[in-house]
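*Asks:* With the input below, show me the fold.
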Amino acid sequence: MIEHNPMEIYVREQGDIAIVDVHGRLAIGEPAEQLHDALNAIVKRGVHKVVVILNHVTQIDSSGISTLVRVAIGLAREKGSLHLVCGPGRVRDSLTVTRLVDAIPTFTTEAQALDKF
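*Replies:* Below you'll find the model as predicted:
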């Protein structure tokens, strides 16, 4: 039996910005739903500036990407914005191939993502 580490999500706030640090596999099923629920809870609290850090995500699939797109669209409707932080590697490659880096502002460092709000 293959065991996958569960995805972990750490949320902290800096001023009016929520910073969501995601660790593990962001894939179809529970992980994508877990992230969607966490991000929705943040938006429902009235936070409209969100940074999602993907540097500790080991794998992302179309379900994970779809989750990020849905949240970005929802935030844009509320006059908010989603920024991604993702350094070089497999996840960044996936974001580039799917052109998500063109659709959602994506930065190499957390400081850059915070500065662009």
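
*Asks:* residue ranges with poor pLDDT in the protein?
*Replies:* 1-5 (pLDDT under 70).

*Asks:* Longest strand of it, counting residues only.
*Replies:* strand 49-60 (DSSP state E).

*Asks:* Could you give me the buried positions within the helix or strand that it is followed by?
*Replies:* Counting by DSSP states H and E, the element after strand 49-60 in chain order, helix or strand, is helix 62-77. For helix 62-77, burial by neighbour count (16 or more other Cβ atoms under 10 Å) applies to 63-65, 67-68, 71-72, 75. Heads up, the C-betas are built off the backbone N, CA and C, glycines and all.

*Asks:* all helices of the chain, in order?
*Replies:* 30-44, 62-77, 90-97, 100-103, 110-115 (DSSP state H).

*Asks:* Which other helices and strands does the second one contact?
*Replies:* Contacts of helix 62-77 with other secondary structure elements, assessed using 3 or more Cβ pairs under 8 Å, 6 or more residues apart in numbering; DSSP states H and E, are made with helix 30-44, strand 49-60, strand 81-85, helix 100-103.

*Asks:* Can you tell me the centre-most residue of this structure?
*Replies:* Centroid-nearest residue in the chain: Val52, 3.6 Å away (criterion: Cα atoms, centre = their mean).

*Asks:* related to what we said a few turns ago, adding distance to His23, write the helices and strands packed on helix 62-77 out as JSON lines.
*Replies:* Below are those laid out as JSON lines (distance: least, Cβ to Cβ, whole Å):
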{"stretch": "helix 30-44", "distance to His23": "10"}
{"stretch": "strand 49-60", "distance to His23": "4"}
{"stretch": "strand 81-85", "distance to His23": "13"}
{"stretch": "helix 100-103", "distance to His23": "19"}
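
*Asks:* Next, the contact list for Val20, please.
*Replies:* For Val20, the contacting residues are 9-11, 35, 38-39, 42, 50-53, by Cβ atoms under 8 Å, 6 or more residues apart in numbering.

*Asks:* All set, thanks.
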